[in-house]
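**Q** I would like the atomic coordinates for the input below:
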Amino acid sequence: MTLEALRQAIDGIDDRIHDLLMERAQWVLKVGELKEKSSQSPMFYRPEREAGIHRRLEARHQGPLPVAAVHRVFREIISASLNLEKHLSVVYLGPEATFTHQAAIKQFGSSFRMVPAASIPDVFHEVEVGRADFGVTPVESSAEGVVNHTLKRLADSPLRICGEIFLPVIHTLLSQETTLDQVQWVFGHPQVLDQCRTWLATHLPGVTLKEEESTARSVLRARETAHSAAIAGVYAADAYGLNLLAEHVQDQAGNENRFLVIGRHDPARSGYDKTSILFSFSDQPGFLHKVLGIFANRGINLSAIQSIPSQGKAWEYIFFLDFDGHRQDPEPASALAEMGAMTGVDVKVLGSFPRPVQ
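**A** The predicted model follows:
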């Protein structure tokens, strides 16, 4: 076949894809109408339904297009479709182009209205009072550990965990300049600069490192200062109009940040779920071992356990536990019931949600 004939064949496929997208949109509108009629407060975004779509597509996937690309395409299709049913908003720890902003877009696509918040408590508050449908907040870094502000708000808030997002830590060097040899200063958050010291010493020996209170402030300084650069995520290049001088400037590959999606409703079972709880107990020898044994005896896998100091009394702690399964699954439900019946143990289920599809 000639090049022109191949392009015409692709154009024909594009037309069919477009027609199918429009047909899908019509069915989505019918779903939205049915939801409005059948419920006083319909749930338009169903994390378990979206996770099921992605897993079904991954199971049937074959061919040269990477499955990750298929996930990205359908995430945008689902995002646009949901906003045909209802315009939904997501509040995230800002400002624009932070890792949390990237995580929010990864989870919800680009059709949701994204609203930055100045602090983690503000993210929770906006969802609690109904000004946002969902929130995205950082909870853990593989390099720096847990984010205590998020754990403390989870302990006090009526909101539920609806999902989690894992985002690789990829630092980039951004600047008004066009080549590395023009850079004399590099701005960055202290932790970020520390994660990139070897790269900076190798590729920019002799430059002056300037610590800033946030990555966003670093990017603004680089935009305002000649012969300077900032270390930030790749989204910041377009958001702040800067050139991308180098990618993957972090010294250690494989680091990830973990984020939580918070909302006012519990996701239903998807078949591939995780549950997060918090618990506290009176100070007795071996009590934590007894609590964890409840899960071990049922063969329930624990994926994380963290602790933070209790606000009530010195040297007492609140424990946060993640385990496989939904709170309504038989074994997890039995374990939670046994925990709740123990004298001196307080348990709060923070949420059951689909495990992320990468």
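**Q** Can you tell me who the nearest residue in space to residue 108 that is not next to it in sequence pairs with across the strands?
**A** Excluding the flanking residues, the one nearest residue 108 by C-beta to C-beta, 6 or more residues apart in numbering is residue 90, at 5.5 Å. In this view, the C-beta of every residue, glycine as well, is placed from N, C-alpha and C. Beta-bridge pairing of residue 90, defined through DSSP bridges, involves residue 114, residue 134.
**Q** Does anything pack onto the one helix or strand residue 5 maps to? Which helices or strands?
**A** Element membership of residue 5 [criterion: DSSP states H and E] is helix 3-38. Counting by 3 or more C-beta pairs under 8 Å, 6 or more residues apart in numbering; DSSP states H and E, the packing neighbours recorded for helix 3-38 are helix 67-85.
**Q** The helix it packs on - what's its average pLDDT?
**A** Regarding helix 67-85, the rounded mean pLDDT is 95.
**Q** What residues of that helix count as buried?
**A** If you call a residue buried by 16 or more other C-beta atoms under 10 Å, then helix 67-85 has these buried ones: 71, 74-75, 77-85.
**Q** which parts of stretch 108-115 are buried?
**A** Quick answer for stretch 108-115 (16+ other C-beta under 10 Å): 108-109, 111-112, 114-115.
**Q** out of those residues, who's nearest residue 339?
**A** residue 108 (32.9 Å; C-beta to C-beta).
**Q** In contact with that closest one, which residues?
**A** Counting by C-beta atoms under 8 Å, 6 or more residues apart in numbering, residue 108 makes contact with 79, 88, 90, 134.
**Q** Off-centre distance for the helix or strand bottoming out on mean pLDDT in the chain?
**A** Within the chain, confidence by mean pLDDT, DSSP states H and E is lowest for strand 145-146 among all helices and strands, at a mean of 84. Chain-centre distance of strand 145-146: 15 Å, with C-alpha atoms, centre = their mean, to the nearest Å.
**Q** Tell me the helix or strand right after it.
**A** Once the chain leaves strand 145-146, the next helix or strand it forms, by DSSP H and E, is helix 148-156.
**Q** elements contacting that following helix?
**A** helix 120-128, strand 134-141, strand 256-263, strand 302-309, strand 317-324.
**Q** downstream neighbour of that helix in the secondary structure list?
**A** Per DSSP H and E, the first helix or strand lying C-terminal to helix 148-156 is strand 160-168.
**Q** Residues contacting that next one from elsewhere in the structure, which ones?
**A** Residues from elsewhere that reach strand 160-168, judged by C-beta under 8 Å, 6+ apart: 47, 99, 102-104, 106-107, 134, 136, 139, 154, 254-267, 274, 276, 350-351, 353-356, 358.
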